[in-house]
Every structure is written in C-alpha cells, then in structure tokens.
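[1] Sequence plus the predicted model coming up.
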Amino acid sequence: MQKNDPQKVKNIAAIILIVIMCMVIAGLIALIVKTVKNDGPKATEVPSNTSVSNNTPNNTDSLIPVETPSPTPRGQEFFTDAPTDEQTAAPTPTNAPATATPTLGPTATPRGDIKVTGTVSVLAAGDNLFHNGILLEAKEKAQALGNGTDFSFDFIYTNVRSRIQAADISVINQESLILPKRYLSNNISRYIRSDGSFVAPEELTQTLIGIGFDVMDKANNHMLDMGSGGMKWGVDYMNTVTGIKAVGAYYDEAGSEQVCVIEKNGVKIAFLAYTYGTNVPQWKASWEAPEFPYYIPLPEDEKMIADLKRADDAADFTVVLIHWGTEQQERPNDDQRRIAKVLAENGAGIIIGHHPHCLQSIEYVSDGKGGRIICAYSLGTLVSNMSAEKNMLAGFFEFNVNKWSDGSATVSDVRLTPTVFYYDTEYKNSKIYYLSEMTNELCSSHGIKNYPKESENKNKMTRATMIAYLQKTIDNEFLAAEYRK
C-alpha cells in the first residue's frame, strides 16, 4: 500500500477550502445584487403601498362609522398630494386620477401649488309637502294680514329663514305641485283635497323665493297628481317666475337635456333631478289628456349617464337630486344603492335623496376610479302634517363646493343640521324648529297625538327619542358635537 504524502494532503484540503469560500462569497454577492436591484421602484412602476385604489374600502357603498373626528379629514386619503401617514414617504403615483376626488374634511385642504379659486356654500332641504291643515292655517294667516293674497306661508319658515338665506345656493324639494288658482277655476277651495293628491298655490313660490331658495326640485311622485294638464300648466307657470330655478319637470325630453346651471363666486354648479315614478301612471295621464305634453325624468341608467356628461361639459360640479326609496323605510334599499353607484361612477359630485319621509344615512359611494363621493339618501320631510315622530325629524344638508386652480372641484364642510316640524293638535302654530330648540313641552303638545294608531311611538314625541334616531342614522362626522354618540 502506498503511503500518502502529508504535504500533498494539506494542499488538496487548502484548495477545497478555497473553492468552498469562493462559492459562499459568490452567493453573498448575488444576494446583494438582487437586493439592490429591488430596492426601489422602476421608473414606470407604481409602488404598491401608494396605489390610490388600495385605500378604497372593499365595501365601497357601505356606511363608514366615525366615532371621533379623524386627524386626517376624510377624503384626503384619495388625494395623491395629501397622503395618509402610511403614504408620506412614498412617491406620488404616476397614474393618479386627473380629477381630484372630493375632500370631506372640515375645510378645503391645501394641495401644494393648486389653490382654491372660488367657494360656494350649498344648503339642501327635504320634502316640502302641504297637507290640508297647513293650507287652512295659511289661508287664515292671509285673511288676518288682509293684504289681498289668498294664502300666506311665511310663518312656517321664520325660524330658519336666516340660515337658508346665508347659503350661496339653497335647494328645496317641492313635493306638492304648485299651480295658480286660475288653473283651478279660481276656486281656492280646490287646494284642500281629500283624494291623496297635493297641489299648492302660487303664494308658496313667492314665500320660497323670499326666504332665500334658489332651486326648486319638482321631480317627485306627485308630479301628475293633477294629470298631464296640471303638470304642463305647472311648467308654464314656473317659466314665468323669476328668482328661483325649477328642475325636474319638462314638456319633453329635449327640455330635460337643458342643464340647469347656477354660477356663484366663479363656480358653476349643475343640478339634475329624477324621480322613480309618479302616483298617477303616465299611461293614464296621457290617455286622459293627450293634448298636454310632459316628460318625467326617470332614473334610467342611459339617461342619467348622458345627462351627467352634459352637466360636466356645462359646469364645474354636479349636484344630483333624486326621489327614490321606500316610504317610511329607515335604511336605503338595494335600488337606491345601485342607482347611487351608477351616478357616482359617471360624474356626480354629490347625491341628495328624497321621498322616504324620514332621515336615511349619509354614506360614501365609490366613484370607480379610486375616489368616492357623498350620498345623502334621504333628508326627511321638512314640512308636513304626517303622523309619526320620525316624519317630523328632517335636516338641512350643507356643504361647500370648492373650485381649484387646476379646474377641479371638491366638496368640504359636509354636515347635517337636524330640524323638526311642529304643529299642534288643532293643526295650528305650524313652524320649523331646530332640534336643539325642541323642548319636552313642545314635544308633548305636538299634533302627532292625533294619530295614536299610526304613531310608532304610541303618539309620543320626546327630544331624547329624536336624538336617538338621529344618532343611529347619521354618522358622527356629519353631526354637530352635541348630537354625536
């Protein structure tokens, strides 16, 4: 057997050790190179932690609860130049939306070199619905004044007049059809009806103008209460009125395509209006009086999308007013949510709903582009002789529209100020109060006592129960501190 040379064995071992060390070093070098290559985004890449869409909730149409005010105003997280804390160190995405989405914080948040060039304050009110008790009291008020008018409605709004006038643009949902008495054979008693239809006199228009309303939404289920003739005459009448613009009632479809735009403080705001339908079927109204043309703006997808495009061409911001939902239902239904989604994804700036006769939630709806808009599903009933406590609770929905130097428009200062409509058991002393003014004495004398069977609170009204309803329905971020949970 040949004996191994000790020096040769040592040399071989040294070579093996060197090879192993080289392999280890090569592996380390490869790992370092890989890490360096992946250390930052490529010039054409968007860092995943700055993607705007990653901030959009999965359930984009759902109510977003807010128990305490957020240190970052809601809506800012969708601005690429106003990032959240997690985004602060990340570069701005190169594929950010060209149009800024609404900021919903307490003020219009600065956006670098882009400045606010104009701001318009908007106030929207709920259903203005005139039952017989209110009309009879208005008739008595006019007789007492002796000024030659048949009705006087100013007394209803004296308490809230200054707030309505303070807004740059104030909007009212006028649920009752308004017709001058010449269309009712000059018989003012025909305004007092018992067939479930509603019609109000022209004195109401003058009151609404006098207290500061600028836009009258006429798209609602009572549009055909006086047939196609009544609707056509209503459009005729409003065409002679100055001081307030009517939306939602037209002679034909071409008329509905003429976008209502109001410009204030250098900001152009468009108003669109729709209703789910009418109590009197259209076929019946047309069959009874085919000589009277009219057009009902239904919330059909194709129609709304085309209208939104026209509004976008004509204005800086679009407000959509819509009569929808189920009466007395406290939460939005599936159809409301579906329509809101269509509107949000096709250019609506804010959505304001009516018809359920009670307050419904104010929610964020995804615009499908990484942003979101506000939808107030129902503002409740501002004026009526309805029978339940929740029918008396309504709200002024207020917000600012801010136009920026880059041509975009955003929303800020979104809030709801709750109101209560009061009438006593004799259907007198009708008046709009703020919820903050409703004492238990006023509650205990309220006319809903006349409806013990219909009243869900067994003909009781209290300040506490109204606040409880408000708190379960409206998120804290849209309420004054005194009403927050």
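    Thanks, I have it. Nothing here was measured: the structure is a model prediction, and the numbers come from that model.
[2] use CA for all of it now, contacts and neighbours both
    Fine.
[3] how about the nearest residue to G212, chain neighbours excluded?
    Counting by CA to CA, 6 or more residues apart in numbering, Q165 is the residue found nearest to G212 once chain neighbours are left out, at 4.5 Å.
[4] hang on, I meant P281
    L224 (8.0 Å).
[5] Please identify the helix or strand for E363.
    strand 362-366 (DSSP states H and E).
[6] Quick one: mean pLDDT over that strand.
    If you average the pLDDT over strand 362-366, you get 98.
[7] do stretch 219-227 as well
    Stretch 219-227 comes out with an average pLDDT of 96.
[8] now the end-to-end length of that stretch.
    One end of stretch 219-227 to the other measures 15 Å (CA to CA, to the nearest Å).
[9] Ok, stretch 338-355 next?
    First-to-last distance for stretch 338-355 - CA to CA - comes to 17 Å.
[10] residues making contact with the helix or strand hosting V120?
    Assigned by DSSP H and E, V120 falls within strand 116-128. The contact list for strand 116-128, computed with CA atoms under 8 Å, 6 or more residues apart in numbering, reads 108, 164, 167-176, 264-267, 352, 354-355, 357, 378-384, 394-405.
[11] out of these, which are inside strands?
    Per DSSP state E, strands hold the following members of the contacts of strand 116-128: 169-174, 264, 267, 352, 354, 381-383, 394-404.
[12] which of those residues count as buried?
    169-174, 267, 352, 354, 381-383, 394-404 (16 or more other CA atoms under 10 Å).
[13] And the pLDDT for the closest residue to G407 other than its chain neighbours?
    Nearest non-adjacent residue to G407, counting by CA to CA, 6+ apart: D316, 7.5 Å away. Note on D316: pLDDT of 98.
[14] any idea how far M304 is from S228?
    Counting by CA to CA - S228 and M304 are separated by 23 Å.
[15] how about the helices in the stretch 351-485 of the chain?
    389-392, 440-444, 463-473 (DSSP state H, counting those that start in this stretch).
[16] If I look at N186, what pLDDT would I see?
    For N186, pLDDT reads 81.
[17] where does it land in three-state SS?
    coil (DSSP: H, G, I helix; E, B strand; the rest coil).
[18] cool, P290 as well?
    Classification of P290 using three-state DSSP returns coil.
[19] who wins for proximity to L208 among the helices of the stretch 351-485 of the chain?
    Of all the helices of the stretch 351-485 of the chain, it is helix 389-392 that lies closest to L208, at 19.8 Å by CA to CA.
[20] What helices and strands are in contact with the closest one?
    When contacts are defined as 3 or more CA pairs under 8 Å, 6 or more residues apart in numbering; DSSP states H and E, helix 389-392 packs onto strand 381-383, strand 409-422, helix 463-473.
[21] and the angle from the last one to strand 393-404?
    Right, the one you point to is helix 463-473. Here helix 463-473 points in a direction 40 degrees away from that of strand 393-404 (axes from the mean of the first three to the mean of the last three CA atoms, to 10 degrees).
[22] Mind giving me the packing neighbours of helix 463-473?
    Applying 3+ CA pairs under 8 Å, 6+ apart, one finds that helix 463-473 contacts helix 389-392.
[23] Rounded mean pLDDT for the helix it packs on, please.
    On average, helix 389-392 scores 96.
[24] which outside residues touch that helix?
    328, 357-359, 380-384, 386, 420-422, 448, 455-457, 460-461, 466, 469.
[25] ok, 6 Å please
    H357, C358, V420, F421, M461 (CA atoms under 6 Å, 6 or more residues apart in numbering).
[26] next one: stretch 477-485
    Applying CA under 6 Å, 6+ apart, the contact partners of stretch 477-485 are R415, L416, N476.
[27] So which of the residues you listed is the closest to A142?
    L416 (32.7 Å).
[28] Just put the helices and strands packed on helix 389-392 in JSON lines and tack on distance to L343 and mean pLDDT.
    Output for the helices and strands packed on helix 389-392, formatted as JSON lines (distance: least, CA to CA, whole Å; pLDDT from 0 to 100):
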{"stretch": "strand 381-383", "distance to L343": "23", "mean pLDDT": "98"}
{"stretch": "strand 409-422", "distance to L343": "16", "mean pLDDT": "98"}
{"stretch": "helix 463-473", "distance to L343": "22", "mean pLDDT": "96"}
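[29] Quick one: closest of these to P201.
    Among these, the nearest to P201 by CA to CA is strand 381-383 (15.4 Å).
[30] Which neighbours in the sheet does that closest one have, and how are they oriented?
    Using DSSP bridges, strand 381-383 pairs in its sheet with strand 116-128 (parallel).
[31] so after the partner strand, what's the next helix or strand?
    Downstream of strand 116-128, the next assigned helix or strand under DSSP H and E is helix 132-145.
[32] any idea which helix or strand comes after that following helix?
    From helix 132-145, the next helix or strand downstream (DSSP H and E) is helix 154-157.
[33] Show me which residues of that next one are buried.
    Applying 16+ other CA under 10 Å to helix 154-157 flags D154, I156, Y157 as buried.
[34] Contacts made by that helix with the rest, please.
    Contacts of helix 154-157 (CA under 6 Å, 6+ apart): T207, S430, K431.
[35] Now render these as TSV, adding distance to R338.
    Below are those laid out as TSV (distance: CA to CA, whole Å):
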residue	distance to R338
T207	36
S430	37
K431	36
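[36] Just put these in CSV and tack on pLDDT.
    Converted to CSV, the contacts of helix 154-157 look like this (pLDDT from 0 to 100):
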residue, pLDDT
T207, 98
S430, 98
K431, 98
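[37] Let me know which of the helices and strands packed on helix 389-392 is the nearest to C260.
    Evaluated over these, closeness to C260 peaks at strand 409-422, with 17.6 Å, by CA to CA.
[38] in that closest one, what counts as buried?
    Buried residues in strand 409-422, counted by 16+ other CA under 10 Å: 409-422.
[39] Can you lay out these as CSV showing distance to V122?
    CSV is the format used below for the buried residues of strand 409-422 (distance: CA to CA, whole Å):
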residue, distance to V122
A409, 14
T410, 13
V411, 10
S412, 11
D413, 10
V414, 10
R415, 11
L416, 12
T417, 13
P418, 16
T419, 17
V420, 20
F421, 21
Y422, 25
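[40] which of these lies closest to G133?
    Relative to G133, the closest of the buried residues of strand 409-422 is Y422; by CA to CA it sits at 12.0 Å.
[41] which strand residues sit across from the closest one in the sheet?
    Assigned bridge partners for Y422, using DSSP bridges, are K431.
[42] ok, it touching N429?
    No - with contact defined as CA atoms under 6 Å, Y422 does not reach N429; the gap is 7.5 Å.
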